[in-house]
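# Let's see this in three dimensions:
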Amino acid sequence: MKELRHVNKYFSKYKWRLIIGILITILSKFLALKIPQIIGDSLNIVEDYQNGLVTNLDEIEHQLLINILVIIGVAILSGFFTFLMRQTIIVTSRLIEFDLKNEIYLQYQSLSLNFYKKNRTGDLMNRISEDVSKVRMYVGPAIMYSMNMLILFAVGFTQMLSIDVKLTIYTLIPFPLLSISIFILSKIIHKRSTIVQQYLSKLTTFNQEFFSGINVVKSYGIETSVIYDFDEIADKSKEKNIHLQKANALFFPLMVLLIGCSNLLVLYIGGKQYINNEIQIGTIIEFMLYVNILTWPVAVVGWVTSIIQQAEASQARINEFLQETPEIQNTNNSTTKIDGNVTFKDVTFTYDDTNITALKNINFTVKSGETLAILGKTGSGKSTIIELISRLYDTTKGTILLDKTPIKDTNLNDIRNQIGFVPQDPFLFSESIEDNIKFGKEDATQEEIIAAAKNADVHKNIINFPKGYKTILGERGVTLSGGQKQRVSIARAIIKKPKILIFDDCLSAVDTETEEKILSNLERISKNITTFIISHRVSSAKNADKIIVLEDGKITQQGTHNQLITIDGYYKELYEQQLLEKEF
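Okay, here's the model as predicted:
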């Protein structure tokens, strides 16, 4: 159970709840185990009357009535304490589940972009949902029923030993076989549980990707092929689950068999002792009741063991990600003032997952309030520069300075808070348009939202929707067109009023006229903001203070628009080509 040691800190956090739950459990089971003793005493009284040892019938009836009332009272109290036990231990397990999910979620947020390139969304979701649920069963029901079992055994066998040692010893004979069986089956269940969780992750991942790419599936008419692949994974998952349940199914029948053997031994040995006048009939019945009261705790041993083994397998999968160290670390917790000066000094960057060197010895400086446009062919390294400025990655070689301070020494939260980023493929949440814009500034007023939308030239589109800014978007903003999504994303960035604005080819889905309006508005509102514009269009770059052209990760040209159109090279060719296209 070494993997489950991770949750011990939560046991410590909620120790008083658990201690109270355990005390209530002890009291509940102590009361429950009093019932067989009272029933045994009642039968012994009747036997004494039949044998002439007691002659006062009224006294016997009175005693039996008192015993019946005591049994009812004890049963009610035991049930009440059992309810309290569940309210403490099971509720505690839900609190631990809540804390563990938050811990995993915070870890997910801290992990670097590279981590998400290597791991699938479905698997991430499965570990924070299904795997945590398995662990909750360990910290709740498994502990509760284990305490039930231990207390019942401790109190029950103590009581049985005090009545008759010989009969108790015979009752215990099947239990060594029970222990060996549990040990063997536990190892099998642990192995099979791990495999089941792995296949569940595969199934979740497959479904997540299918639903996200449903438009591609339907466009290509490959529903039959996808259904076949799904059936194949589902069938394998079903086989692994059946394989696990076969092992689980052995527990309960085995427990019942062993308890049945204990009952037979009580009847046989107790019967012989009764015939020899060594014990009374009430003692045999009392023992039978004790054995049957202990039936469920013994039978539940298998179920609890299965829960623990599954929780161990799930916690091992959770720990795998919790032990992952974020590649991007915040090395400075003090508040850092950011003005927006950015300098690249001999920067080289290689993606470790593909081993592609995206940038090679890059040098440039952008002063606060300036605009830098970056052009180049696909794969030239444009987006990598933006990812390094946002510190989604750290450089392989060289240094990035932010206001003359190495970016690694700047407070990471302050960097992210002072950057307005519009990605090439904008992501909108399944919320209202208003809420999506407010992601840039949570406390934004309605006037600020409208102003940002107007500057992004999307206000006219929004007010034509039946619900206007309250329109709820579909997943990933599917309700909007490509151009509308980009413009809402721009509004979200500029409402933030950051020190650095980054536009990663975010005007590719809008027409030239709309592009001109947006660029004109951006030029007006970004006078004191450092702006980076990545584009394939000269029209987006021509008004920038500086322009750099990338090719194969290297800067091949840099200057202003007027300078570059007079120099033979990529920029001039692109300018002439797009000028010709515009004329036609």
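
# Grab the most central residue of the protein for me.
By CA atoms, centre = their mean, the chain has its centre lying nearest to Ile128, at 2.1 Å.

# any idea what sits nearest that residue, other than its immediate chain neighbours?
Counting by CB to CB, 6 or more residues apart in numbering, the nearest residue to Ile128 once its immediate chain neighbours are dropped is Ile104, at 4.9 Å. For every residue, glycine as well, the C-beta is placed using N, CA and C.

# now do Ala311
For Ala311, the nearest residue in space outside its immediate sequence neighbours is Tyr138; the separation is 3.5 Å by CB to CB, 6+ apart.

# Near that neighbour, how many residues? Count them for me, please.
Taking other CB atoms under 10 Å as the criterion, the count of residues near Tyr138 is 24.

# Please tell me how far it sits from Ile449.
47 Å (CB to CB, to the nearest Å).

# Buried residues, the helix or strand bottoming out on mean pLDDT in the chain. List them.
When each helix and strand of the chain is scored by mean pLDDT, DSSP states H and E, helix 214-220 comes last, with a mean of 73. Judged by neighbour count using 16 or more other CB atoms under 10 Å, the buried positions of helix 214-220 are Val217.

# For the very next helix or strand once past that helix, what does the pLDDT average out to?
With elements assigned by DSSP states H and E, the helix or strand that comes after helix 214-220 is helix 223-275. Confidence over helix 223-275 (mean pLDDT, whole number) is 81.

# and the helix or strand that comes right after helix 223-275, how far from the chain's centre?
Going down the chain from helix 223-275, the next helix or strand is helix 281-293, by DSSP H and E. For helix 281-293, the gap between its own C-alpha mean and the chain's C-alpha mean amounts to 48 Å (CA atoms, centre = their mean, to the nearest Å).

# Helix 281-293 to helix 223-275, inter-axis angle?
Orientation check (axes from the mean of the first three to the mean of the last three CA atoms, to 10 degrees): helix 281-293 against helix 223-275 gives 170 degrees.

# Show me what helix 281-293 is packed against.
Using 3 or more CB pairs under 8 Å, 6 or more residues apart in numbering; DSSP states H and E as the contact criterion, the neighbours of helix 281-293 among helices and strands are helix 34-50, helix 143-163, helix 165-172, helix 223-275.

# Show me what counts as buried in the helix or strand following that helix.
Tracing the chain C-terminally past helix 281-293 and defining elements by DSSP H and E, one meets helix 295-322 next. Of the residues in helix 295-322, those with enough neighbours to count as buried (16+ other CB under 10 Å) are 295, 297-319, 321-322.

# for helix 295-322, packing partners?
helix 57-110, helix 121-137, helix 143-163, helix 175-212, helix 223-275.

# quick one: pLDDT of Val70?
pLDDT, Val70: 86.

# Let the chain start at 740 from now.
From this message on, residue numbering opens at 740, which makes the last subject Val809.

# Quick check: it touching Ile778?
No - using CB atoms under 8 Å as the test, Val809 is too far from Ile778 to be in contact (10.4 Å).

# okay, the two: which has more neighbours?
The neighbour comparison of Val809 against Ile778 (other CB under 10 Å) goes to Ile778, with 18 against 14.

# Kindly provide the distance from the more buried one to Ser976.
Between Ile778 and Ser976 the distance is 49 Å, computed by CB to CB.

# can you check Leu1140 too?
Relative to Ser976, Leu1140 is positioned 52 Å away (CB to CB).

# go on, Leu1003?
42 Å.

# Which of the two has more residues huddled nearby?
Each of Leu1003 and Ser976 had its neighbours counted (other CB under 10 Å), and the higher figure belongs to Ser976 (18 against 12).

# give the contact list for that one.
In this structure, Ser976 makes contact with 935, 938-939, 941-942, judged by CB atoms under 8 Å, 6 or more residues apart in numbering.

# dump the residue contacts of Leu1240.
Residues touching Leu1240, when contacts are defined by CB under 8 Å, 6+ apart, comprise 1158-1159, 1161, 1232-1233, 1261, 1265, 1268-1271.

# CSV please, covering the residues you listed and showing secondary structure, neighbour count and pLDDT.
As requested, those are arranged in CSV below (DSSP: H, G, I helix; E, B strand; the rest coil; neighbours: other CB atoms under 10 Å; pLDDT from 0 to 100):
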residue, secondary structure, neighbour count, pLDDT
Ile1158, strand, 22, 88
Gly1159, strand, 22, 87
Val1161, strand, 25, 85
Ala1232, helix, 26, 88
Ile1233, helix, 26, 87
Leu1261, helix, 23, 79
Ser1265, coil, 20, 76
Ile1268, coil, 20, 88
Thr1269, strand, 27, 91
Thr1270, strand, 23, 89
Phe1271, strand, 23, 91
